[in-house]
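Chemist: what follows is a predicted protein model with its sequence.
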Amino acid sequence: MDLFSTSLPEPPPLPPDETAPLAYRMAPRSLDEYVGQEHIVGAGKLLRRAIESDRISSVILYGPPGTGKTALARVISYQTHARFEWLNAAAAGLDDLRKIVQRAKVLRKDGVRTVLFLDEIHRFNKLQQDVLLPDVEEGTLVLIAATVENPFFYVNAALLSRSQVFELTPLGEEHVLTLLRRAIADDERGLGKLAINADKDALVHLARVADGDARKALSALELACLTTQPDADGIIHIDRAVAEESIQKKAVLYDRQGDQHYDTISAFIKSMRGSDPDASVYYLAKMIYAGEDPRFIARRIVICAAEDVGNADPMALIIATSALRAVEFVGMPEGRIPLAQAAIYIANAPKSNACYRAIDAALDDVGKEPTLPVPDHLKDTSYSGAKKLGRGEGYKYPHAYGGKVEQEYLPKQKKYYTP
C-alpha cells in the first residue's frame, strides 16, 4: 500500500507455517488468550479498560524476558483502529523514526491515530529518545515502549512523565503450564498436529526451570517434541529426562549494571541486617550463580559488618575482612565458602548501628556547624616552641589516672555515640 494511504492496515499476521518459533506462533490474539499479568490486565484494571475501549495512551511495559510485553503489544495491535507501527530499537535509527513520524502527521490530518510499538527502548540513546518527545507530547504518536531494564534508569525523564509505566512480573508456574498445554493441544498454531504424550512432571519441570519466562518454556517444549523420535505407535513421549535435557540449566536474570544487580545486593544486605541467615545465603547463592564479582560481594559484607553489627560483636568485622582476603587468595569456586561463613556470622550476630550513626552525625556537624577548635591542652607538643605557645599545658595523661580521666576533649558538649 502507499506510505501515506489512510486506509487502516491489518496488524502483522502471525506466521501461517511452522517455520517460525513456537513461542511466536502461540502469541495471543486477544486479551482472553493472554495469560498472566492480572495486576495490570485483569478484569476492570486500567490497562485492560484502555485496550478494550481503544483509548490506549502512551505506556512503557517493563519486565523480564518472556513475561508478555511484545505479546501484549500484539493484542493491542489487533484491538486498535489506529495504524500500528513496529520498531525495534536495537536495529532502528533516527531515519526510521522520522519516517514513522512523517506518516503519522499525514494520517493525523485525516483523523487516523498512529500507535508506535518500540521494543527495547533502553537501547535508544538520549538523542533518539528526544526525537520522540515532541510528537508523543503533541499526540502525533501514541508510544508503547517495551524494556527489560528499569525505565527510571534508562528512559528520559521527560518521556517518562508523558507515559504510564506498567511493570510485568515473571509468570507463575501455573501460567506457564497453561501455555505449554495450550501449545500441545493447538493444531492451528501449536503442536496439535503431532501425537504428543507429555508427562505431567515433565511439563512441571519445564515450567519451573523457565523461571517465569514463557518464551523459554515454549522453546524448550518445541525442541523436545521435534527432536524426540515417535514410538512404534507414532506417539512422541516427553518424559522428565527429555524435559531436563531440552531446557538444561536455567539462566538467572541478573544484569550487573541493572535492576537485578542492585535489587539482589540490597536484599542480601537487608537479610543480614535482619538476622535471617537463610535468606542471606540464598541471595549470596543467586549472585554467585549469576557470576557476580566475589570481591564486590565481600566488600558489601565488610560494610555490613561495620555498619550493622559494629561493636555489638567486633569479631564480625574481623571475619568479614578475613573472608575478603580469603576470596582474593583462593579464588572461586572455593571462595563461596568463606563468603557464606561471613554472611551467616553477620546474620546471626547481635546488631548495632551506633558507630554508623555516630560518624554520620559527626560528619553532619562538621559540614554544617562552625568548626570547633582543638583545646590548647590537646594540641601537639612535639616541636620546639610548642610550650611557649601554651600547647599541651594542663593535659592529663589518662594512664596516670587509671586509664580514664575527665577533661575537656571538645570545647562544646556533643553526644554522638550511644553504645
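Modeler: Arrived safely, thanks for sending.

Chemist: buried sites along the helix or strand where residue 357 lies?
Modeler: In this structure, residue 357 sits in helix 354-368 according to DSSP states H and E. By 16 or more other Cβ atoms under 10 Å, the buried positions in helix 354-368 come out as 355, 358. For glycine as for every other residue, the C-beta is placed from the backbone atoms N, C-alpha and C.

Chemist: how far does it sit from its chain's centre?
Modeler: Relative to its parent chain, helix 354-368 has a centroid offset of 33 Å by Cα atoms, centre = their mean, to the nearest Å.

Chemist: average pLDDT for it, rounded please.
Modeler: Rounded to a whole number, the mean pLDDT of helix 354-368 is 93.

Chemist: what do you get for stretch 320-334?
Modeler: Per-residue pLDDT over stretch 320-334 has a mean of 92.

Chemist: check which residues of it are buried.
Modeler: 320, 321, 322, 323, 324, 326, 327.

Chemist: any regions of the chain where pLDDT drops low?
Modeler: Low-confidence segments of the chain (pLDDT under 70): 1-18, 249-259.

Chemist: let's see it at 50
Modeler: For the chain, applying pLDDT under 50 flags the ranges 1-11, 13-15.

Chemist: show me the domain layout of it.
Modeler: As assigned by automatic domain parsing, the chain contains the domains 22-167, 173-247, 259-348, 371-401.

Chemist: before we move on, the earlier item: now tabulate the buried residues of stretch 320-334 in a markdown table and tack on distance to residue 38 and secondary structure.
Modeler: Output for the buried residues of stretch 320-334, formatted as a markdown table (distance: Cβ to Cβ, whole Å; DSSP: H, G, I helix; E, B strand; the rest coil):
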| residue | distance to residue 38 | secondary structure |
| --- | --- | --- |
| 320 | 43 | helix |
| 321 | 47 | helix |
| 322 | 48 | helix |
| 323 | 43 | helix |
| 324 | 45 | helix |
| 326 | 47 | helix |
| 327 | 43 | helix |
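
Chemist: any chance of the residues you listed in TSV with distance to residue 153 as columns?
Modeler: Converted to TSV, these look like this (distance: Cβ to Cβ, whole Å):
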residue	distance to residue 153
320	29
321	32
322	35
323	31
324	29
326	34
327	29
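
Chemist: which one among the residues you listed gets closest to residue 351?
Modeler: Closest approach to residue 351 among those (Cβ to Cβ): residue 320, at 14.2 Å.

Chemist: of the domains of the chain, which approaches residue 415 most closely?
Modeler: Among the domains of the chain, the nearest to residue 415 by Cβ to Cβ is domain 371-401 (14.0 Å).

Chemist: in the closest one, what counts as buried?
Modeler: Neighbour-count burial for domain 371-401 [16+ other Cβ under 10 Å]: 377, 391.

Chemist: what separation do you get for residue 163 and residue 156?
Modeler: Distance, residue 163 to residue 156, using Cβ to Cβ, to the nearest Å: 10 Å.

Chemist: which neighbouring elements make contact with the helix holding residue 357?
Modeler: Here helix 354-368 touches no other helix or strand, going by 3 or more Cβ pairs under 8 Å, 6 or more residues apart in numbering; DSSP states H and E.

Chemist: export that helix to CSV, keeping only CA atoms.
Modeler: Provided in CSV are the C-alpha atoms of helix 354-368 (Å, rounded to 0.1, in the frame of the first residue of the first chain):
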residue,chain,number,x,y,z
ALA,A,354,25.8,3.0,66.8
CYS,A,355,29.2,3.5,65.1
TYR,A,356,27.5,4.2,61.8
ARG,A,357,25.1,6.8,63.4
ALA,A,358,28.0,8.4,65.4
ILE,A,359,30.3,9.1,62.4
ASP,A,360,27.4,10.3,60.2
ALA,A,361,26.2,12.7,63.0
ALA,A,362,29.7,14.0,63.5
LEU,A,363,30.2,14.5,59.7
ASP,A,364,26.9,16.4,59.6
ASP,A,365,28.1,18.7,62.4
VAL,A,366,31.5,19.2,60.8
GLY,A,367,29.8,20.1,57.5
LYS,A,368,27.1,22.4,58.8
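
Chemist: which outside residues touch that helix?
Modeler: Here helix 354-368 makes contact (Cβ atoms under 8 Å, 6 or more residues apart in numbering) with 306, 307, 308, 310, 311, 312, 414, 416, 417, 418, 419.
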